[in-house]
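S.K.: all I have is the shape, not the residue letters:
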């Protein structure tokens, strides 16, 4: 049982909309009747049976769930649970209901807990009222449940809904509740709560915080439906729609058709006619499918449809499904994508930084995806850590490193030794190639603080334990290219202790090739300190200047797609910037790049929506794990750049035309429209992002270059190919701010 008193308590919410009774049970229409035989209440598809000791048995023709005890939290009494109770039949709004007056332990006799359980079609409303103490802590309330003969373990499912900002821009997801999903063959059940902390929930207790009146309310929905539909039924949402692909990550092989699934639920209490419309657009905005259907839905009824969507051999499709009835409407979005197969060489410099261990939808699918997009290493894997174990990554052919922190600054010799012994042993047992000792300890940025202490209390103790292990050491990956901290680190002797220099070149609304000199970097949340190429060149200079043959690693690289913020990329910009970021990294001789992160989420609130949090939006995939354009761009970059040899930067008569020459191809783009993205923003952080199929580069430039053959092959940032014919040994290209790869051009 979790010790809630040692954790941060979450805030209580108001009573859920559509609750069957008012606070305190004031709508009870009759006095409790003594139970001569088992009490039950029933509605279509559900029966609640009150057992003699006060438990509630939930049935749908079979015994499914037993609700037994309730636990309170009190700042004086601590955690206290019920011990059975007396059930009785009452009425609520003229309908029968079950009331349970629970028994408390001798040490909490002043506390009164009453349960009230009502039913509607395929759902139950569970209400617990607590009184009798002035020191209750409702954020710590819980109820006990036993799931009878389930076919799968209980699953926590955060639920979101799509919304649009009235000011414009792209739509985004917000949180809409939380579910605990129970499963049996052919059917299921969902406990629906406004708020819960899954870390407090265990095999016996579900964390179910009460409101300011010490009342906990939970909806239990029965039936075979998706979480979004169950959430709508439980919350009394008039209309809900969900959109998805049964293909993991919505990712298909080369094909001409994909399948878009949709589920609509009528969450209202009346029959209604519902109109379902859908559309799908490709990266250029062309329609890949659309349609409209109408159906009459009974209260709580679920409507499933699957649509065929046209696809290219490689590309992405953005889909939206909308349901409407009268003044009510709801919509949902997802992406479908196609990716050609590719055989990667062994080794490689491109990897994934954090959170692959979230393993959504499952570990096997994530492992296969990492292989498919060219992930050759992961930043963190060791025995006991979540996600793929070192042995599982070995089987996938994916190398693995370790990043561990917890440096004890100014600790005792015994404390530091114990910490270092533990971390070094973990690294050795994992079979890691590299150990990145802690993470972003250079805060505040460019202050130079704690560099010497880090060397003394963190890096040197690890170095002394691993110097003969074969594991290469990295400094804590720096937030930005903090050359002041690095100078202090060097002065303290840290440079001689590492094999690789690691940093995290964050980037704001600048193209990756924006390279202001370090002396001009501005600090602050939106400062030019967060540029890519300028930071990378300073890191390269530092590694070369300090010497020792150190490797250069970007252990976190980014393209944040936080919606409708001028500081962050649109989905189209992110795809372009992923390709250019990795190409520039290779051009500067980087030994390893770990992209941060597989899909939008945060480690502390996995799969919940968090639209305002930049940390949440770094994924190559969306929250639902459908591919972003950035995922295809990552795969395009890894397939093109692995094994490639950088030759030089290209120069042209027009200084705004840019190019990188590699041994078998060139990457070309222009900066006619400047280095600043979303440059028309105002002082408000909000800025309407265009849809991902909207071309944001107004200026097109024609460039004629020499061709080595009869054609030149052009590959855009998401891997779509186009063959351009050459005439008399020359080919004319149309360039803009988006980098494109060209095979068959002859550099001057």
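M.R.: Nice, thanks for sending it over. Fair warning: this is a prediction, and the values are worked out from it, not measured in the lab.
S.K.: report the buried residues of stretch 319-338.
M.R.: By 16 or more other Cβ atoms under 10 Å, the buried positions in stretch 319-338 come out as 319-325, 328, 330-338. Heads up, the C-betas are built off the backbone N, CA and C, glycines and all.
S.K.: again, but for stretch 304-311
M.R.: 307, 309, 310, 311.
S.K.: what about these, which are in strands?
M.R.: 307, 309, 310 (DSSP state E).
S.K.: now, among those residues, which is nearest to residue 118?
M.R.: Taking Cβ to Cβ as the measure, residue 118 sits nearest to residue 307 out of those, at 38.3 Å.
S.K.: show me what that closest one is bridged to.
M.R.: Listed by DSSP bridges, the beta-bridge partners for residue 307 are residue 260.
S.K.: distance check, residue 530 against residue 566.
M.R.: For residue 530, the distance to residue 566 equals 14 Å [Cβ to Cβ, to the nearest Å].
S.K.: those two: which has the busier surroundings?
M.R.: residue 530 (26 against 21; other Cβ atoms under 10 Å).
S.K.: I'd say that one and residue 507 touch.
M.R.: Yes. Residue 530 is within contact range of residue 507, at 5.7 Å (criterion: Cβ atoms under 8 Å).
S.K.: before we move on, back to that, could you dump the ones in strands among the buried residues of stretch 304-311 to CSV with pLDDT and distance to residue 519?
M.R.: As requested, these are exported to CSV (pLDDT from 0 to 100; distance: Cβ to Cβ, whole Å):
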residue, pLDDT, distance to residue 519
307, 98, 56
309, 96, 51
310, 92, 52
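S.K.: which one of the residues you listed is nearest to residue 497?
M.R.: Nearest member of those to residue 497, counting by Cβ to Cβ, is residue 309, at 54.1 Å.
S.K.: residues contacting residue 452?
M.R.: Counting by Cβ atoms under 8 Å, 6 or more residues apart in numbering, residue 452 makes contact with 488, 489, 491, 492.
S.K.: repeat the analysis, applying 10 Å as the threshold.
M.R.: Residue 452 sits next to 488, 489, 491, 492, 493, 494 when contact means Cβ atoms under 10 Å, 6 or more residues apart in numbering.
S.K.: which SSE is it in?
M.R.: Per DSSP states H and E, residue 452 falls inside helix 451-454.
S.K.: tell me which residues of that helix are tucked away?
M.R.: Judged by neighbour count using 16+ other Cβ under 10 Å, the buried positions of helix 451-454 are 451, 454.
S.K.: just to revisit the earlier point, show me whatever sits in contact with both of residue 530 and residue 566.
M.R.: Common neighbours of residue 530 and residue 566, counting by Cβ under 10 Å, 6+ apart, are 508, 509.
S.K.: so what does the residue nearest in space to the middle of the chain have for phi and psi?
M.R.: The centroid of the chain falls nearest to residue 601 when counting by Cα atoms, centre = their mean (2.1 Å). Torsion angles at residue 601 (phi, psi; degrees, to the nearest 10) stand at phi 180, psi 170.
S.K.: distance of it relative to residue 355?
M.R.: According to Cβ to Cβ, residue 601 stands 6 Å off from residue 355.
S.K.: what's the overlap in contacts for these two?
M.R.: With Cβ under 10 Å, 6+ apart as the test, residue 601 and residue 355 both reach 618, 619.
S.K.: which other helices and strands contact the longest strand seen in the chain?
M.R.: Using DSSP E to define each element, the chain has its longest strand at strand 78-92. Contacting strand 78-92 under the criterion 3 or more Cβ pairs under 10 Å, 6 or more residues apart in numbering; DSSP states H and E are the following elements: strand 39-43, strand 46-50, strand 63-74, strand 95-104, strand 112-120, strand 123-131, strand 142-147.
S.K.: in its sheet, what does the last one sit against?
M.R.: Right, the one you point to is strand 142-147. Counting by DSSP bridges, the strands paired with strand 142-147 are strand 63-74 (antiparallel), strand 205-207 (antiparallel).
S.K.: between the ones you listed, which gets nearest to residue 729?
M.R.: strand 205-207 (71.0 Å).
S.K.: I'd like the distance from the helix or strand following the closest one to the chain centre, please.
M.R.: Counting by DSSP H and E, the next helix or strand C-terminal to strand 205-207 is strand 215-222. Going by Cα atoms, centre = their mean, to the nearest Å, the spacing between the C-alpha centre of strand 215-222 and its chain's C-alpha centre is 27 Å.
S.K.: about what we covered before: with mean neighbour count, distance to residue 701 and mean pLDDT added, can I get the strands paired with strand 142-147 in CSV?
M.R.: Shown next, in CSV, are the strands paired with strand 142-147 (neighbours: other Cβ atoms under 10 Å; distance: least, Cβ to Cβ, whole Å; pLDDT from 0 to 100):
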stretch, mean neighbour count, distance to residue 701, mean pLDDT
strand 63-74, 21, 65, 98
strand 205-207, 22, 58, 98
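S.K.: how about the ones you listed, which one is nearest residue 139?
M.R.: Closest to residue 139 of the strands paired with strand 142-147 is strand 63-74 (Cβ to Cβ; 7.2 Å).
S.K.: picking that back up, just the buried residues of stretch 319-338: which are in strands?
M.R.: If you go by DSSP E, these have 319-325, 328, 330-338 in strands.
S.K.: ok, now which ones touch the residue nearest to residue 235 when sequence neighbours are not counted?
M.R.: Excluding the flanking residues, the one nearest residue 235 by Cβ to Cβ, 6 or more residues apart in numbering is residue 177, at 5.9 Å. With contact taken as Cβ under 10 Å, 6+ apart, residue 177 is in contact with 16, 157-161, 190, 192-196, 219, 227-228, 230-232, 234-235, 237.
S.K.: where exactly do the helices run in the chain?
M.R.: With helices called from DSSP state H, the chain shows them at 227-235, 363-373, 390-396, 413-430, 451-454, 460-466, 483-491, 533-546, 571-587, 629-641.
S.K.: how about these, which one is nearest residue 517?
M.R.: Minimum separation from residue 517 across those (Cβ to Cβ) falls at helix 533-546, 6.8 Å.
S.K.: pull out the buried residues from that closest one.
M.R.: Neighbour-count burial for helix 533-546, counted by 16+ other Cβ under 10 Å, picks out 533, 534, 535, 536, 537, 538, 539, 540, 542, 543.
S.K.: now stretch 204-216
M.R.: By neighbour count with 16+ other Cβ under 10 Å, stretch 204-216 contains the buried residues 205, 206, 207, 208, 209, 210, 211, 214, 215, 216.
S.K.: looking at it, the first one is touching residue 145, isn't it?
M.R.: So the one you mean is residue 205. Yes. With contact defined as Cβ atoms under 10 Å, residue 205 reaches residue 145; the gap is 8.2 Å.
S.K.: returning to what we had before: is the residue nearest to residue 235 in a bridge, and if so with what?
M.R.: residue 159.
S.K.: follow-up on the earlier one: now the buried residues of stretch 304-311 as CSV including distance to residue 292?
M.R.: Putting the buried residues of stretch 304-311 into CSV (distance: Cβ to Cβ, whole Å) gives the following:
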residue, distance to residue 292
307, 11
309, 15
310, 18
311, 21
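S.K.: touching, residue 700 and residue 732? I think so.
M.R.: No. Under the criterion of Cβ under 10 Å, residue 700 is not in contact with residue 732, lying 11.8 Å apart.
S.K.: common neighbours of those two, please.
M.R.: Common contacts of residue 700 and residue 732 (Cβ under 10 Å, 6+ apart): none found.
S.K.: stretch 544-560: how far from the chain's middle?
M.R.: 26 Å.
S.K.: same check on stretch 106-117?
M.R.: Stretch 106-117 sits 40 Å away from the centroid of its parent chain (Cα atoms, centre = their mean).
S.K.: pull out the buried positions in it.
M.R.: Buried residues in stretch 106-117, counted by 16+ other Cβ under 10 Å: 108, 111, 113, 114, 115, 116, 117.
S.K.: endpoint to endpoint, stretch 633-649 covers what distance?
M.R.: For stretch 633-649, the first-to-last residue distance is 21 Å (Cα to Cα, to the nearest Å).
S.K.: in it, what's buried?
M.R.: For stretch 633-649, the neighbour count (16+ other Cβ under 10 Å) marks 633, 634, 635, 636, 637, 638, 639, 640, 641, 642, 646 as buried.
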